[in-house]
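> need coordinates for the below:
(2 chains)
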Amino acid sequence: MPNQPILDHLWIIPLLPLLGAAVNGFFGLKWPNKIVNTVALSSTGLSFACALEAVREFVTYVAPSGQIFRKEFFDWIVAGNFRAGFDLQMDQLTVVMVLVVTGVGFLIHIYSTGYMAHEGGYYRFFAYLNLFMFFMLILVLAANYVLLFVGWEGVGLASYLLIGFYFLRKSASDAGKKAFIVNRIGDFGFMLGMFLLFRTFHTLDFHDLFDQITKQNWPHEAWGAFGMMTIACLLLFMGACGKSAQLPLYVWLPDAMEGPTPVSALIHAATMVTAGVYVVARSHILFEHSETALVVVGTIGCATAFFAATIGLVQTDIKKVLAYSTVSQLGYMFLACGVGAFGAGIFHLMTHAFFKALLFLAAGSVIHAIGGEQDMRHMGGLRKKIKYTFGTMFIATLAIAGIPPLAAFFSKDSILLQAFRREGGWHPLYFIGLLTALLTAFYMFRLVFLTFWGQPRYDEHHVHVHESPWSMLGPLVVLAVLSVIGGWAAAPALWGGKDYFSEFLAPVFGSGEAAAAVDEAAAHNLEWTLAVVAVVTALIGIFVAYWLYVRQPKKPEDLARSMQPAYKTLLNKYYVDELYAAAIVRPLVWLSENILWKVVDVEAIDGTVNGIAHGATAIGDTVRHTQSGNTRSYAVWVVVGALAIIFIIFWPALHAFVAPAQAAVTK
Amino acid sequence: MVPTQYYLILSAILFGLGAVAFVVKRNIITIFMSIELMLNAVNLAFVAFSQSMPDLPHGHKLDGQVFVLFVIVVAAAEAAVGLGIIILTARNRRSLNIERVDLLKL
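Predicted coordinates for the structure are as follows:
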C-alpha cells in the first residue's frame, strides 16, 4: 500500500475550515483584524494545500487502477438496516469540485481581507465564511446522500447567515429569510427523493446504490413513463432547483445580492449554487435511467437560462445583472445534464466558478472604488481610473461571452455541441441556448460599457475613485489567468485531439459522449461549424451592446420608450415576485392569520388551556361552600368519610354474606 | 369467661354513642368528652382482642394491651392541648358553644 497521508485522513480537508470558524467565532470578537485574517486564511489555505496533496495521491495511486477512493470514518446513524456513516469518497468528479471549492474559496478569503477591512463584524464574517467552506467540503466529499444532505443544509445555513450579514438592514434580513425558505421548498423534494431511494434500494450510499442499479440492469424508463426512478430523479431535481436557483425557485438568488460582494462571489456564484448541478451529476446513473427526468432537467435548465438572461438585459444594479447571469449560466449546466453531457456540465461549472467569481470580485472592486455605489447609471468612464479592475473584469466578460480562446468558449461550446448532437427533438434547446449566448454577450458588455466607458455619471467632486489594495487585486489577477486558461484542457478536441477534461471525468460519467460520434470527419466539421456559429453570435451581441451603449448612448432610452410594455415587464422581472406574493405568500399569510392564528391558536390551543383553568376555578367555587366554618359539619364529614372507607373495605365480605341469602330468597 | 363478642358489642355501642355525641353536641367540653369516650371504646376492643388471642408457646400475645397504653398516653397529651385550646376559646369568645367558633370559613 503506497503512502497516502492525506487521502487516508480525508476528514482533515473539511475539518480545517471548521476549526477556523470555531476559533474566530468564539474568540475573534476582541481580536484585531490581523489575527482574524491569520486564522481564516491559514485554515482555508491549509485546506487547499491538503486538497492538492489528496488529489495528487488520488491521481497517482488510486486513479490508475480505475477505482474510487472511499473510506468510512465512523458510524453516524445506524437503525435497523439503515446506515449513514461519516464516509468520505474521492473520485474524479470530487477532485474537480474540491479543487474549485478550496481554490476559489481561498482566493475569495484573501480578497475579503481587503474588501471587508473597514466593515464591522469582521470576525463574524470570516467565521461564517469558514463555516461555509466546511459544509461545502462535506457536501462534495460525502459518500452517501445523508451526509451530502448535511453539507447541503449547512451551506444553506451559511448562505442565510451571510446574506443577512448586514442584519440591521431590513432588506438584507428579509433576503436571508427568503433564500432560506425558498430553499426549504426544494429540500422537501430532496428529502422525499432520498426516502424513495432508500425504500427501493435499502441504501443511500453512492457506491452501493449505483452498483445495485448497474448490476440489476434496472429498466430504463422511457419518455412519459412515471416509474419510481423518474419520480426519485424529479424529487432530487426539485432540491437542485432550489439550491441552484432554477425555475421556478430561482427568486431568492437575485435578492441574495444583499450580502457582501465576496459572499455573492463565493456562495452565490462559484460554489454553493452549483451544488444542484453537482448532485445531478453525482446521481447521473439515476438520471440516465429516466428519459422523462432528463427532458425535464434539460428543459428547465434551458428555459431558466433564457428567462434569466432576458431579465439581465435591463437591470441597472451591477450585482443584479451578475446574479441573473449566474442563474442563466446555471441553466446552461442543467441543459448539459439534461442532454446527458454531465461532463460538459461539470466543465462549465468549473469555468463558471472562475469567471463568475472574477466578475463578482471585480464588481466588488468597482463598488469599493466609487464608494459603495451599485447602480450602473451612476458609474461610467472608470476604465482609466481603475486599470487593473477594468482589465480583469474585461477578461471575465470576454470569457463569459464565449470568445475563444477563453475558458467559457470551450465549456459553452461543448454544451451546445452536445445539445445539438443529441438525438430526438433536442434542437429547440440548442437554438434557445444559442440565443441565450447572444443575450449573455449583450448584457455582459452592456454592463462593461455602462461601467467603464462613456462619461462619468457620478458626482466627481465627492467620489474619490481609487484602485483597490493588492489583497483584492491579487485574487482578481489569479482568477483572470484561470478564466483564460481554464478551458484549455478541452482545446485539443477542436484540432482532432483529445478532450482531456472529459477524458479525466470519463471514469465517473462513462465515455458515452465520445462514442456518440460515429463519423469522425463529419463530427469534426460539425464541431467547427457550431463553434464558429457560437462565436459569431457572441460577436453580434457584443457589437449591438457597443453600438447601443458607446456609439449611441441615447438610443437605449428611445428603445425602452418605444417598447414600453416589454421593457416594463423585463424591468419588473416578469412580475414573478408579485405573482408568487399573490398566489402563494398572501394566501398563506391570510391562512396563517385567519385560520391558524385566530382559530387554531386562539380558539383551540389557548381555549383548551384557559378552559381547564376556568373549569378548575368553577369547581373550586362550588366546592368551597362545604368549608362553612361550622365545626360540627366537619365532624359529620369525618364520620361520613370513615363510614365510606369501612363500607368500601368490607363490601366484598358483606356481599359474600348477603348474596347467598338473596339467592335463597329468590328460590 | 365472658365471650369476646360481648366486649366488642359494648365497644361498638360506646363508640357509636361517642360519635353521635361528637356530631350532635354543641358544648365543646361535651364534644371533648365524647372523643375520650370513642378512644376508650377502641381501648376496650383492643384489650378484648388481646385477651381472645390464642396463647403462644412462650407466653401471651400482648400487642393489643401495648396499643392501649399508647392510646392512653396520646389521649393524655391530647387532653392537655385540647383543654388549653378550650380555655383560650372560652376566654376570647365568652362562650363554649362550638357554633360560635367559625372563623375558618371562606
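> name the element the residue nearest to the spatial centre of chain B belongs to?
Relative to the mean C-alpha position of chain B, the nearest C-alpha, by CA atoms, centre = their mean, is the one of B:L39, at 1.9 Å. Using DSSP states H and E, the element containing B:L39 is helix B:28-52.
> how about the next helix or strand after that helix against chain A, any contact?
Counting by DSSP H and E, the next helix or strand C-terminal to helix B:28-52 is helix B:63-93. No. Judged by CB under 8 Å from any CB of the partner chain, helix B:63-93 makes no contact with chain A; its nearest approach is 10.7 Å. The C-beta positions use only the backbone N, C-alpha and C, and glycine is treated the same way.
> avg pLDDT for helix B:63-93?
For helix B:63-93, mean pLDDT is 92.
> residues of it that come out buried?
Neighbour counts over helix B:63-93 (16 or more other CB atoms under 10 Å in any protein chain shown) mark B:G64, B:F67, B:V68, B:V71, B:A75, B:G82, B:I86, B:T89 as buried.
> on that earlier part again, give me the helices and strands touching the helix holding B:L39, please.
With contacts defined as 3 or more CB pairs under 8 Å, 6 or more residues apart in numbering or on different chains; DSSP states H and E, helix B:28-52 has these neighbours: helix B:4-24, helix B:63-93.
> now tabulate these in a markdown table and tack on distance to A:A281.
Putting the helices and strands packed on helix B:28-52 into a markdown table (distance: least, CB to CB, whole Å) gives the following:
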| stretch | distance to A:A281 |
| --- | --- |
| helix B:4-24 | 91 |
| helix B:63-93 | 89 |
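> and of the ones you listed, who's closest to A:A642?
Set against A:A642 and scored by CB to CB, these come closest in helix B:4-24, at 8.5 Å.
> what is the orientation angle of that closest one with helix B:28-52?
160 degrees (axes from the mean of the first three to the mean of the last three CA atoms, to 10 degrees).
> the residue nearest to the centre of chain B and B:A76 touch, don't they?
No. The criterion here is CB atoms under 8 Å, and B:L39 misses it with B:A76 at 10.5 Å.
> about what we covered before: what's next to the helix holding B:L39, contact-wise?
Surrounding helix B:28-52, the residues in contact under the criterion CB atoms under 8 Å, 6 or more residues apart in numbering or on different chains are A:635, B:4, B:7-8, B:10-15, B:17-19, B:21-22, B:25, B:61-65, B:67-68, B:71-72, B:75, B:78-79, B:82-83, B:86, B:89-90, B:96-98, B:101.
> what's the most distant pair in the buried residues of helix B:63-93?
Going by CB to CB, the pair spanning these furthest: B:G64 and B:T89, at 35.4 Å.
> circling back: of the helices and strands packed on helix B:28-52, which is nearest A:M97?
helix B:63-93 (86.7 Å).
> pretty sure B:A19 contacts A:V639?
Yes. Checked against CB under 8 Å, the pair B:A19 and A:V639 is within contact range at 5.8 Å.
> next one: A:M194 from A:M238, what distance?
Using CB to CB, to the nearest Å, we find A:M194 at a distance of 12 Å from A:M238.
> below-threshold pLDDT in chain A: ranges please.
Applying pLDDT under 70 to chain A flags the ranges A:1-2, A:496-497, A:511-520, A:661, A:666-667.
> what sits against residue 91?
Using chain A. A:I68, A:F69, A:P507, A:V508.
> ah, I was thinking of chain B
By CB under 8 Å, 6+ apart, the contact set of B:R91 is empty.
> same thing with A:G402?
Contacts of A:G402 by CB under 8 Å, 6+ apart are A:A408, A:F409, A:K412, A:D413, A:A437, A:T440, A:A441, A:A534, A:V535, A:A538.
> now the residues you listed in CSV, with neighbour count?
Converted to CSV, the contacts of A:G402 look like this (neighbours: other CB atoms under 10 Å in any protein chain shown):
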residue, neighbour count
A:A408, 31
A:F409, 24
A:K412, 31
A:D413, 25
A:A437, 29
A:T440, 28
A:A441, 28
A:A534, 24
A:V535, 18
A:A538, 27
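> for stretch A:537-554, buried residues please.
A:T537, A:A538, A:G541, A:I542, A:A545, A:Y546, A:L548, A:Y549.
> same check on stretch A:64-71?
Under the neighbour-count criterion of 16+ other CB under 10 Å, stretch A:64-71 has A:I68, A:F69, A:R70, A:K71 buried.
> what residues does that stretch touch?
Under CB under 8 Å, 6+ apart, the answer for stretch A:64-71 is A:7-8, A:10, A:58, A:62, A:87-91, A:143, A:207, A:507.
> again, 6 Å this time
For stretch A:64-71, contacts defined as CB atoms under 6 Å, 6 or more residues apart in numbering or on different chains pick out A:L7, A:F58, A:V62, A:L88, A:Q89, A:M90, A:D91, A:A143.
> who's in contact with the last one?
With contact set as CB under 6 Å, 6+ apart, A:A143 has these partners: A:R70, A:D87, A:L88, A:Q89, A:F206.
> would you say the first one is within a strand?
Read it as A:R70. Yes. Counting by DSSP: H, G, I helix; E, B strand; the rest coil, A:R70 is found in a strand.
> what is it paired to in the beta sheet?
Judged by DSSP bridges, the bridge partners of A:R70 are A:Q89.
> any idea how far A:A531 is from it?
Applying CB to CB, one obtains 38 Å for the distance of A:R70 from A:A531.
> which parts of chain A sit against chain B?
Contact residues, chain A versus chain B (CB under 6 Å from any CB of the partner chain): A:R624, A:Q627, A:S628, A:G629, A:N630, A:T631, A:A635, A:V636, A:V639.
> can I get the buried part of those as one ChimeraX selection?
If you want just the buried ones from the residues of chain A next to chain B in ChimeraX, going by 16+ other CB under 10 Å, the selection is:
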select /A:631,635
